[in-house]
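**Q** missing the sequence, but the structure's below:
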Ligand code: FES
């Protein structure tokens, strides 16, 4: 005899299916950041970031984005309701929010709502050939320390 699932079982399965990916995606945010006393967190070498791609910064709610020769450090927190955005598996150069499917481009600009505001930029610089991001300081997108421009 086949038993029908109860409404409680269906509800639990639905909640787990929807929330588990979001929880797993946020686990690395709980890791202690290895930022220095001033808040700068070393990440990767610039050549480890291919054009048109993103690389998350370990231990921070930040993701690096490269467009042509420009590298920026974007907040990974969706401006709609604060879920963690991640690179889209279907669309190149797009960050997607798993909660309500907002999309952002490599500059952090909203491509598809419901988000209305762009992703904030974090200060970024090169330290001994390694990209370092400031885990706290958010800066205007056109600020001098909002991006790194690599030599072609
Ligand atoms: S929280 Fe990101 S789209 Fe709603």
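**A** Arrived safely. Quick caveat, the model's predicted, so the values are computed rather than measured. Numbering: from 1, shown residues only.

**Q** so what's residue 74 bridging to?
**A** residue 63, residue 121 (DSSP bridges).

**Q** how far away is it from the ligand?
**A** According to C-beta to the nearest ligand atom, to the nearest Å, residue 74 stands 14 Å off from the ligand. To be clear about C-beta, it is placed using only N, CA and C from the backbone, and glycine gets the same treatment.

**Q** Pull up the gap between residue 70 and residue 142, please.
**A** 12 Å (C-beta to C-beta, to the nearest Å).

**Q** These two: which has the busier surroundings?
**A** The neighbour comparison of residue 70 against residue 142 (other C-beta atoms under 10 Å) goes to residue 70, with 15 against 8.

**Q** Let me see the contact set for the more buried one.
**A** 147, 148, 149, 150 (C-beta atoms under 8 Å, 6 or more residues apart in numbering).

**Q** how about 7 Å then?
**A** 147, 149 (C-beta atoms under 7 Å, 6 or more residues apart in numbering).

**Q** Then the one 4 residues further on?
**A** Counting by C-beta under 7 Å, 6+ apart, residue 74 touches 62, 63, 65, 108, 119, 121.

**Q** where do the strands sit along this structure?
**A** 40-42, 54-57, 62-67, 70-75, 86-87, 95-96, 103-104, 110-112, 121-127, 130-139, 147-149 (DSSP state E).

**Q** Export these as a markdown table, with columns for distance to residue 34 and mean pLDDT.
**A** Below are the strands of the chain laid out as a markdown table (distance: least, C-beta to C-beta, whole Å; pLDDT from 0 to 100):
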| stretch | distance to residue 34 | mean pLDDT |
| --- | --- | --- |
| strand 40-42 | 6 | 85 |
| strand 54-57 | 10 | 90 |
| strand 62-67 | 13 | 94 |
| strand 70-75 | 15 | 94 |
| strand 86-87 | 21 | 94 |
| strand 95-96 | 24 | 96 |
| strand 103-104 | 26 | 97 |
| strand 110-112 | 31 | 96 |
| strand 121-127 | 13 | 93 |
| strand 130-139 | 10 | 89 |
| strand 147-149 | 20 | 89 |
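
**Q** Put together TSV for those strands, with distance to residue 48 on each row.
**A** Output for the strands of the chain, formatted as TSV (distance: least, C-beta to C-beta, whole Å):
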stretch	distance to residue 48
strand 40-42	12
strand 54-57	7
strand 62-67	9
strand 70-75	11
strand 86-87	15
strand 95-96	18
strand 103-104	21
strand 110-112	25
strand 121-127	13
strand 130-139	9
strand 147-149	13
